[in-house]
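Trainee: output the structure for:
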Amino acid sequence: MPQEVEESKETPRRGGTEHGRGRPARNGRPPAAGPVFGALDLGTNNCRLLVARPQGQGFRVVDAFSRIVRLGEGISATGRLSEAAVERAIEALKICARKMQHRGVTHMRNVATEACRQAANGEDFVARVARETGLALDIIPPAEEARLSVLGCQALLDPACRRAIVFDIGGGSTELTWIATNRGAAPKILGWTSVPFGVVSLSEMFGAADKVTPETYAKMRGLIRARLEPFDRRYNLTPAIAKGGIQMLGTSGTVTTLTSLSMGLARYDRSRVDGAWVTTGRLLQLCQDLSDMDHAARAAQSCIGVDRAELIVAGCAILETILELWTVPRLRVADRGIREGLLLELMSAARPPAALNGRRHNGWRRGRPRRSHD
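Mentor: Residues are numbered from 1 along each chain as shown. The predicted structure follows:
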């Protein structure tokens with residue numbers, strides 16, 4: 001997938017700085033009436049933004065941005081966010097702040113995840129972001145991260161299935177959530193777990209940026225499996241899977257990249273990938289194929305590129321372990337998650353219209369930065 005994505009075309013989706021209200025857009029037309037919502041997700045590897053307006057039961061995306069910043073680079077060794085990583089992240093966050101101001105965002109929430117949770121200087125980073133960009137970042141706990149991911153993916157749940165496992169392979173952690181689908185109503189979270197390994201942290205731990213031996217790949221998978229088995233036992237997932245009627249839904253760069261490869265896409269196309277179904281056998285074969293390649297061979301694959309080639313083997317190790325532990329015939333793919341969950345939650349909180357004048361979750365710095373807790 002591309003390192004950076006900027007999208008201004010409007011697209012529908014289900015399921016201390018000026019706000020810029022009333023100012024003309026760059027094309028000379030006044031901004032559309034009504035509230036505009038922003039959701040920013042700063043992860044261990046990526047900085048992502050969505051700006052949207054409500055539409056029906058979902059929303060219409062009016063702007064989007066994604067950039068690989070590698071905020072968590074080196075954190076497994078030092079326990080701190082490096083100066084270079086901080087500067088990369090702040091540069092991307094400044095772009096996000098400008099976009100939200102330009103779009104006249106009235107309601108926003110900006111969250112940070114595992115890298116900031118883990119880093120000794122995570123709070124210092126959040127304070128610096130507030131000073132230099134005007135954005136207030138919430139460092140959210142794993143439970144909230146899992147909940148928002150489920151909310152963002154809710155439209156892709158199969159009402160024919162009683163239960164589902166939703167997983168999100170991140171840069172610094174992997175969240176898995178066991179839910180009751182409730183036949184199309186709001187899903188109920190039955191249990192969740194957060195494994196403190198994602199594509200960045202696992203790659204750094206095992207030196208997986210270049211060629212990985214079969215022995216190293218097996219060790220990576222073994223580490224992940226040991227972390228997942230208690231979750232499996234606690235909620236009796238293996239017997240539940242054996243009975244059938246369980247959906248697996250995956251959201252991550254790993255899952256969307258492998259889906260693109262399985263489709264033979266020359267370049268990434270979200271409209272084809274989001275919501276697609278892919279057989280488990282095909283994904284497992286791709287995991288094996290990529291784990292056997294060196295960095296150059298992986299980088300030459302369509303939809304991967306140089307940056308993702310360093311991390312894809314770790315992602316494959318996590319994905320393969322999940323799919324072999326809980327085997328279903330096929331997986332549903334989501335190119336959505338936390339940002340979409342944030343938007344839906346913000347829009348729900350903003351109703352009725354009288355609430356639109358409030359300041360809840362306005363996302364601009366007011367006073368000290370905040371950390372959310374369980």
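Trainee: for the rest of this, base every contact and every neighbour count on C-alpha atoms.
Mentor: Fine.
Trainee: low pLDDT regions in the stretch 251-374 of the chain?
Mentor: Applying pLDDT under 70 to the stretch 251-374 of the chain flags residues 352-374.
Trainee: strands along that one, start to end?
Mentor: Taking DSSP state E, counting those that start in this stretch as the criterion, the stretch 251-374 of the chain carries its strands at 277-279, 330-334, 370-371.
Trainee: ranking those by burial, who's on top?
Mentor: Of these, the one with the most neighbours on average (mean count of other CA atoms under 10 Å) is strand 330-334, at a mean of 22.
Trainee: direction included, what does that one pair against?
Mentor: Paired with strand 330-334 in the same sheet, following DSSP bridges, are strand 246-251 (parallel), strand 277-279 (antiparallel).
Trainee: okay, those strands in CSV with distance to residue 111 next?
Mentor: Output for these, formatted as CSV (distance: least, CA to CA, whole Å):
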stretch, distance to residue 111
strand 246-251, 18
strand 277-279, 29
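Trainee: out of these, the one nearest residue 48 is which?
Mentor: Among the strands paired with strand 330-334, the nearest to residue 48 by CA to CA is strand 246-251 (14.2 Å).
Trainee: run the chain-centre distance for the closest one.
Mentor: 15 Å (CA atoms, centre = their mean, to the nearest Å).
Trainee: burial check on the closest residue to residue 266 other than its chain neighbours, number of neighbours?
Mentor: Nearest non-adjacent residue to residue 266, counting by CA to CA, 6 or more residues apart in numbering: residue 302, 5.6 Å away. Residue 302 has 16 neighbouring residues, counting by other CA atoms under 10 Å.
Trainee: circling back to that earlier point, for the strands paired with strand 330-334, which one sits closest to residue 258?
Mentor: Judging the strands paired with strand 330-334 by CA to CA, what sits closest to residue 258 is strand 277-279, at 9.4 Å.
Trainee: can you name the residues in contact with that closest one?
Mentor: 259, 262, 329-333 (CA atoms under 8 Å, 6 or more residues apart in numbering).
Trainee: swap in 7 Å and give it another go.
Mentor: The contact list for strand 277-279 (CA atoms under 7 Å, 6 or more residues apart in numbering) reads 259, 329-333.
Trainee: which one of those residues is nearest residue 160?
Mentor: residue 332 (13.5 Å).
Trainee: which ones are touching the closest one?
Mentor: Residue 332 makes contact with 248-250, 275-278 under the criterion CA under 7 Å, 6+ apart.
Trainee: PyMOL command to pick out the buried ones of those?
Mentor: Of the contacts of residue 332, the buried ones go into a single PyMOL selection, burial set by 16 or more other CA atoms under 10 Å:
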select buried, resi 248+249+250+275+276+278
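Trainee: what's the closest of the contacts of residue 332 to residue 311?
Mentor: Using CA to CA, the contacts of residue 332 come closest to residue 311 at residue 250, 17.2 Å.
Trainee: so the closest one bridges to which residues?
Mentor: residue 167, residue 333.
Trainee: residue 318 is nearest to which of the strands paired with strand 330-334?
Mentor: The nearest among the strands paired with strand 330-334, by CA to CA, is strand 246-251 at 11.5 Å.
Trainee: got the CA positions of that closest one in PDB?
Mentor: Extracted in PDB, the C-alpha atoms of strand 246-251 (Å, rounded to 0.1, in the frame of the first residue of the first chain):
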ATOM      1  CA  ILE A 246     -18.700 -18.000  13.600                       C
ATOM      2  CA  GLN A 247     -17.400 -15.100  11.400                       C
ATOM      3  CA  MET A 248     -13.800 -14.000  11.300                       C
ATOM      4  CA  LEU A 249     -13.200 -10.400  10.500                       C
ATOM      5  CA  GLY A 250      -9.800  -8.900  10.100                       C
ATOM      6  CA  THR A 251      -8.700  -5.300   9.900                       C
END
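Trainee: residue boundaries of the strands in the stretch 51-200 of the chain?
Mentor: 58-68, 107-112, 137-139, 163-169, 174-180, 188-195.
Trainee: any chance of a markdown table for the ones you listed, columns mean neighbour count?
Mentor: Shown next, in a markdown table, are the strands of the stretch 51-200 of the chain (neighbours: other CA atoms under 10 Å):
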| stretch | mean neighbour count |
| --- | --- |
| strand 58-68 | 20 |
| strand 107-112 | 24 |
| strand 137-139 | 25 |
| strand 163-169 | 25 |
| strand 174-180 | 23 |
| strand 188-195 | 17 |
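Trainee: tell me which of those sits nearest to residue 153.
Mentor: Closest among the strands of the stretch 51-200 of the chain, using CA to CA: strand 163-169, at 8.4 Å.
Trainee: chain center to the closest one: distance?
Mentor: For strand 163-169, the distance to the chain centre is 13 Å (CA atoms, centre = their mean).
Trainee: what sits up against it?
Mentor: 150, 174-181, 198, 245-252.
Trainee: let's see 6 Å
Mentor: 174-181, 246-252 (CA atoms under 6 Å, 6 or more residues apart in numbering).
Trainee: picking up where we left off before, CSV please, covering the strands of the stretch 251-374 of the chain and showing distance to residue 140.
Mentor: Putting these into CSV (distance: least, CA to CA, whole Å) gives the following:
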stretch, distance to residue 140
strand 277-279, 30
strand 330-334, 21
strand 370-371, 7
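Trainee: closest to residue 346 out of these?
Mentor: Nearest of the strands of the stretch 251-374 of the chain (CA to CA): strand 370-371, 17.4 Å.
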